[in-house]
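*Asks:* here is my input; please provide its structure:
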Amino acid sequence: MKCLILAAGYATRLYPLTENFPKPLLKVGEKTILDWLVDDIYTAGLVDEYVVISNHKYAPHFEEWAKTKTQKITVVDDGTSTNETRLGAVKDIQFAIDQLGLDDDMLVIAGDNVLDFSLTKFMAYAQKKGTSCVMRYFEAAEAKLKKCGVALINEDDLILDLEEKPEQPKSNWCTPPFYFYTKQDARLVKVGIEQGCGTDAPGSYIAWLCTQTPVHSMEMPGSRYDIGNLESYKQVQETYKGITK
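*Replies:* Next up is the predicted model:
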């Protein structure tokens with residue numbers, strides 16, 4: 001299994017902190033955000049390579065960080081240098097697949113979130129289901145639902161509908177940017193792009209994939225801490241206690 005880490009964004013809402021430094025390498029407690037994610041995933045023993053997809057501006061920072069790790073980490077530079085010219089998450093995924101010739105099951109995650117539960121639980125869930133999978137959590141606020149991917153599911157966790165940033169949310173199930181692609185479904189990313197799936201938000205590919213093949217959704221067993229601006233970063237630094245679930 002490969003782990004693709006989406007880290008090509010510019011985190012403009014965190015300027016000046018991230019004007020010349022990538023958000024995934026900000027410290028939360030004693031570790032960087034990426035360290036929290038990679039060190040946890042590593043404990044499952046399922047991932048044989050971690051692929052950090054970066055923009056050109058921040059790639060050197062990730063390459064230096066990779067030297068500090070014992071895991072096999074490959075940094076892919078997507079060649080973009082500004083927020084306006086970014087490829088978008090889905091095209092970045094396909095770029096990494098093409099650059100490295102990847103053909104495997106994939107855990108695809110945003111590199112700028114911290115969790116208080118182990119992602120190994122999600123990996124085990126996906127292996128049990130045998131399909132591509134996402135996670136979900138209950139979100140009561142409609143304003144927040146309109147800014148994320150919203151899933152409609154049945155009693156067996158099968159996704160019936162998934163829409164990114166819906167004007168009229170069909171449920172309260174929000175899908176954070178953590179995904180598992182089967183090897184077969186990872187091969188379809190290029191097809192999804194060619195058929196017009198959105199490419200900016202990472203959930204856009206899964207929204208398309210749900211119309212092609214079964215995709216399941218696991219309810220998150222804990223909380224996700226999204227670092228979107230300076231205030232939220234300060235709050236996470238003050239409250240985050242590590243992986244406790």
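
*Asks:* can I get the longest helix anywhere in the chain in CSV, CA atoms only?
*Replies:* In terms of residue count, the longest helix belonging to the chain (DSSP state H) is helix 89-100. Provided in CSV are the C-alpha atoms of helix 89-100 (Å, rounded to 0.1, in the frame of the first residue of the first chain):
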residue,chain,number,x,y,z
ALA,A,89,-5.7,17.9,-5.3
VAL,A,90,-7.1,15.4,-7.8
LYS,A,91,-4.7,16.4,-10.6
ASP,A,92,-1.9,16.3,-8.0
ILE,A,93,-2.8,12.7,-7.2
GLN,A,94,-2.7,11.7,-10.9
PHE,A,95,0.5,13.6,-11.3
ALA,A,96,2.1,11.5,-8.6
ILE,A,97,0.7,8.3,-10.0
ASP,A,98,2.2,9.2,-13.4
GLN,A,99,5.5,10.4,-12.1
LEU,A,100,6.2,7.3,-10.0
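
*Asks:* which elements pack onto that helix?
*Replies:* Other elements packing on helix 89-100 under the criterion 3 or more C-beta pairs under 8 Å, 6 or more residues apart in numbering; DSSP states H and E are strand 2-7, strand 49-54, strand 73-77, helix 189-194, helix 203-209. The C-beta positions use only the backbone N, C-alpha and C, and glycine is treated the same way.

*Asks:* out of those, which comes closest to E64?
*Replies:* Put simply, out of those the one that sits nearest E64 is strand 73-77, at 9.6 Å, with distance taken as C-beta to C-beta.
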